[in-house]
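Asks: here is my input; please provide its structure:
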Amino acid sequence: MNLIRKLFSHRHGEEPTTSALVTWQGQSGTQYQYEVFPLDAAFQPLPGNYLYAGVSEDGAWVPIYVAQTRDLHQRLEGHVRVDDAISQGATNLHAHYDTQGQAARCSEEHDLVLRWRPVCNDPVES
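Replies: Residues are numbered from 1 along each chain as shown. Now for the predicted structure:
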């Protein structure tokens, strides 16, 4: 089992199903790679970025909520609840671990929110 699959393993040590990789581009032009998971995916207690996403009528991913956290395992602490994201059309969770520090995670979050303006995020200014 490779390291990425192990880090993203589901509850009780189950292997996750093969996940697609999605690249999200921020307002700055920087591209961030995320792995696609079901909404109930469990993660290791490591820092990272995540977003709830739905699918548009033309089949493209649409971000519903973008966030960063110091612990993907407890990602919802102080953030939008999964039920709120589902009510806005979320069908999947996109995530990646990021050990570059909180400033890097916040910068990525801000960059993506500026570009996509997800419905569950508070508006931000550049």
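
Asks: longest helix of this protein?
Replies: Longest helix of the chain, by residue count under DSSP state H: helix 102-116.

Asks: which helices and strands does that helix pack with?
Replies: With contacts defined as 3 or more CB pairs under 8 Å, 6 or more residues apart in numbering; DSSP states H and E, the packing partners of helix 102-116 are strand 21-25, strand 31-37, strand 48-55, strand 61-69. C-betas here are computed from N, CA, C, even on glycine.

Asks: mean neighbour count and distance to Ala85 added to those, as TSV?
Replies: Listed next are the helices and strands packed on helix 102-116 as TSV, based on neighbours: other CB atoms under 10 Å; distance: least, CB to CB, whole Å:
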stretch	mean neighbour count	distance to Ala85
strand 21-25	14	16
strand 31-37	17	13
strand 48-55	23	4
strand 61-69	22	5
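
Asks: got the angle for the longest helix of the chain vs strand 31-37?
Replies: When axes from the mean of the first three to the mean of the last three CA atoms, to 10 degrees is applied, the directions of helix 102-116 and strand 31-37 differ by 90 degrees.

Asks: check what contacts helix 102-116 and list those residues.
Replies: The contact list for helix 102-116, computed with CB atoms under 8 Å, 6 or more residues apart in numbering, reads 24-28, 30, 32, 47-49, 51, 63, 66-70, 98, 121, 124, 126.

Asks: buried sites along that helix?
Replies: By neighbour count on 16 or more other CB atoms under 10 Å, the buried set for helix 102-116 is Arg105, Ser107, Glu108, Glu109, His110, Asp111, Leu112, Val113, Leu114, Arg115, Trp116.

Asks: any chance you could give me that helix in PDB, C-alpha atoms only?
Replies: Output of helix 102-116 as PDB, limited to C-alpha atoms (Å, rounded to 0.1, in the frame of the first residue of the first chain):
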ATOM      1  CA  GLN A 102      -1.000  27.100   8.400                       C
ATOM      2  CA  ALA A 103       0.000  30.200   6.400                       C
ATOM      3  CA  ALA A 104       0.300  28.100   3.200                       C
ATOM      4  CA  ARG A 105      -3.100  26.300   3.900                       C
ATOM      5  CA  CYS A 106      -4.800  29.700   4.500                       C
ATOM      6  CA  SER A 107      -3.300  31.200   1.400                       C
ATOM      7  CA  GLU A 108      -4.500  28.300  -0.700                       C
ATOM      8  CA  GLU A 109      -8.000  28.500   0.800                       C
ATOM      9  CA  HIS A 110      -8.100  32.300   0.200                       C
ATOM     10  CA  ASP A 111      -6.900  31.900  -3.400                       C
ATOM     11  CA  LEU A 112      -9.600  29.300  -4.200                       C
ATOM     12  CA  VAL A 113     -12.400  31.200  -2.500                       C
ATOM     13  CA  LEU A 114     -11.400  34.400  -4.500                       C
ATOM     14  CA  ARG A 115     -11.600  32.500  -7.800                       C
ATOM     15  CA  TRP A 116     -14.700  30.300  -7.200                       C
END
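
Asks: perfect, that will be all.
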